[in-house]
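Novice: Sequence first, predicted model second:
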Amino acid sequence: MVETAAQIGVLPHGFYSRPTTEVARALLGKVIVHQVDGEELAGKIVEVEAYLGLKDEAAHAFVGITPRTKVMFGPPGHAYVYLIYGMYHCLNLVTEPDGEAGCVLIRALEPVAGIEAMQAHRPKARRPHDIASGPGKLTRAIGITLAHYGADVTRGALTVREDAGASLFEIGTSPRIGIKKCVDWPLRFFVKGNAHVSKGG
DNA sequence: CAATAGATCATCT
DNA sequence: GATGATCTATTGC
């Protein structure tokens, strides 16, 4: 890799080696950066959901280790990407120490760099807050695919960085969306009042 | 504005 | 062979 200065502010593995709900809340306000052809496509995380592995019937990792879920049982700070409904990718970040399963689903981003390229990836988005306000939307906007499965998010083209500004915001909590098990667990977290959150804000 | 149907395929049984 | 951690367009109040 050629980047050096570009890696400043990247969150270390230790950031992810903690209880999943703690990491989920801490990820709000952080910035996901995907470098494509020398251009940076970046967005601030404004909505996430925690999936607790073996304790959580709604989590993919609940069924145990399979070719798909094994990355969640490995070391933290890696990407878990999967295809849902045959056409949309979802991006998760692996949490908990090596050997324990857990991940955080990234549900919405507020675009901060490379916005024109993101818009080009999402021709159907009519307004800025339509570009990445949903798990399937953001992966398409910044170009995440199954090729990113298992990628180390502390180095390489896809990274997560500290937020540049010391932004203060309130964290909202709600049940997770689109699942059929553990429907009442309050594991969805979002930046209150932010227009880029998937459900109204 | 709310409800619903259709698109489409990797993964697991 | 069934099933989704979704999005969009369309229909119907």
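Specialist: Now that the structure is in, tell me what you want to look at. Residues are numbered from 1 along each chain as shown, chains lettered A, B, ... in the order given.

Novice: Now the residue positioned nearest the centre of chain A. Nearest residue, chain neighbours left out?
Specialist: For chain A, the residue nearest the mean C-alpha position is A:Ile106 (2.7 Å; CA atoms, centre = their mean). Counting by CB to CB, 6 or more residues apart in numbering, A:Leu91 is the residue found nearest to A:Ile106 once chain neighbours are left out, at 4.8 Å. Any C-beta I mention is one placed from the backbone N, CA and C, and that applies to glycine too.

Novice: I'd guess the residue nearest to the centre of chain A is in a strand, am I close?
Specialist: Yes. Assigned with DSSP: H, G, I helix; E, B strand; the rest coil, A:Ile106 falls within a strand.

Novice: tell me, how many neighbours does the residue lying closest to A:Arg107 once chain neighbours are set aside end up with?
Specialist: Residue nearest to A:Arg107 in three dimensions, not counting chain neighbours: A:Glu47, with 4.1 Å by CB to CB, 6+ apart. Neighbour count of A:Glu47, defined by other CB atoms under 10 Å: 30.

Novice: immediately after the helix or strand encompassing A:Glu47, which helix or strand?
Specialist: Using DSSP states H and E, A:Glu47 maps to strand A:39-51. Moving toward the C-terminus from strand A:39-51, the next helix or strand (DSSP H and E) is helix A:70-73.

Novice: As CSV, could you dump the C-alpha coordinates of that following helix?
Specialist: What follows is helix A:70-73, C-alpha atoms only, in CSV (Å, rounded to 0.1, in the frame of the first residue of the first chain):
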residue,chain,number,x,y,z
LYS,A,70,-16.3,-17.5,10.3
VAL,A,71,-14.9,-14.0,10.0
MET,A,72,-17.1,-12.9,12.9
PHE,A,73,-15.4,-15.6,15.1
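
Novice: And it, what does it pack against?
Specialist: strand A:79-84, strand A:88-94 (3 or more CB pairs under 8 Å, 6 or more residues apart in numbering; DSSP states H and E).

Novice: To A:Tyr149, which of the ones you listed lies closest?
Specialist: Across the helices and strands packed on helix A:70-73, A:Tyr149 has its closest neighbour in strand A:79-84 (4.8 Å, CB to CB).

Novice: So which other helices or strands are in contact with the closest one?
Specialist: helix A:70-73, strand A:88-94.

Novice: if we go to 6 Å?
Specialist: strand A:88-94 (3 or more CB pairs under 6 Å, 6 or more residues apart in numbering; DSSP states H and E).

Novice: buried sites along the strand it packs on?
Specialist: A:89-94 (16 or more other CB atoms under 10 Å).

Novice: all strands of chain A, in order?
Specialist: Using DSSP state E, the strands of chain A run over A:31-36, A:39-51, A:79-84, A:88-94, A:103-113, A:158-161, A:171-174, A:188-191.
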